[in-house]
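> one predicted model, sequence on top.
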Amino acid sequence: MANAKLTILERETDKNPRQIRQAGFLPGSIYGKGIEAKSIQINTHDFEMAYKNNEESTWELTLGKEKFNAKIQELQKNFATNELLNVEFALV
């Protein structure tokens, strides 16, 4: 299965996660050996479309000029509404 490809953005630190979600983005983080942990945000619609076909695959994440290969470490959802709350990626 091909890698899912997503563009990620540095998270705006002056906004709380609820404000980020209301703006149409999914808050998250990326971490792993060789990089400093980063707070990120991803277009929620883009993530949902890619996730439907690539739940278990490796993801190719682009942050500016940097590219990362990562797997989803944790995906948090609201159990009552199924709303995505947060995603954590770990480098592979």
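Great, that's in hand. Residues are numbered from 1 along each chain as shown.

> residue ranges with poor pLDDT in the protein?
Within the chain, the ranges that satisfy pLDDT under 70 run 1-2, 55.

> give me that answer again for 80
Low-confidence segments of the chain (pLDDT under 80): 1-2, 12-13, 53-56.

> quick one: the helices in it?
Along the chain, the segments classed as helices by DSSP state H run 17-22, 44-53.

> contacts for the last one?
Counting by CB atoms under 8 Å, 6 or more residues apart in numbering, helix 44-53 makes contact with 4-7, 21, 24-26, 59, 75, 84, 87, all of which sit outside it. Where you see a C-beta, it was placed from the backbone N, CA and C, and this is true even at glycine.

> ok, now with 6 Å
4, 6, 24-26 (CB atoms under 6 Å, 6 or more residues apart in numbering).

> out of these, which are buried?
With neighbours counted using 16 or more other CB atoms under 10 Å, the contacts of helix 44-53 contain these buried positions: 4, 6, 25-26.
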